[in-house]
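Peer 1: dropping the sequence and predicted coords here.
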Amino acid sequence: MQLFRSLPRTTTDQVLLCTDLHARNILAAEREPWLVIDPKPYLGDPAYDPLQHMLHQQRLRQDPHAYAQRMADLLGLQVERLTQWLFARCVKECIGLPQLRDVVVRLAPPD
């Protein structure tokens with residue numbers, strides 16, 4: 001997968017990533033509104049981190065482009081970059097999650 005090799009090299013910003021950010025790892029807390037548990041920390045592109053959460057949402061299968069736009073807006077990310085990462089992860093994950101195959105087709109970059 002060319003995107004998995006090129007995207008990390010072209011980021012302008014590296015941050016500490018959780019990489020296991022999904023609904024079961026986000027808790028309501030008293031000291032902060034939300035607490036993320038069970039991180040798998042890496043340095044990398046901030047557009048990579050929301051993917052684990054996004055992969056398991058019905059909204060992704062309903063309208064992947066609109067969902068990517070919404071998440072990019074909420075997180076202050078570039079929608080193009082988030083969409084590229086999302087496409088790459090969906091390609092990788094669709095073997096074990098066949099419901100993502102339609103998402104891959106819909107997110108595929110134009111030739």
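Peer 2: Received, thanks. As the structure is a prediction and not an experimental result, all values here were calculated from the model.
Peer 1: count of residues packed around Ala108?
Peer 2: The number of residues packed around Ala108, counting by other CB atoms under 10 Å, is 11. Glycine gets a C-beta too; all of them are placed from N, C-alpha and C.
Peer 1: surely it is in contact with Phe87?
Peer 2: Yes. The criterion here is CB atoms under 8 Å, and Ala108 meets it with Phe87 at 6.6 Å.
Peer 1: quick one: residues in contact with whichever helix in the chain runs longest.
Peer 2: What stands out as the longest helix in the chain, according to DSSP state H, is helix 79-93. By CB atoms under 8 Å, 6 or more residues apart in numbering, the surrounding residues in contact with helix 79-93 are 1, 3-4, 7, 11, 45, 47-48, 50-51, 54-55, 60, 64-65, 68-69, 71-73, 75, 100, 103-104, 107-109.
Peer 1: among those, which are located in helices?
Peer 2: Under the assignment DSSP H, those contribute 3-4, 7, 51, 54, 60, 64-65, 68-69, 71-73, 75, 103-104, 107 to helices.
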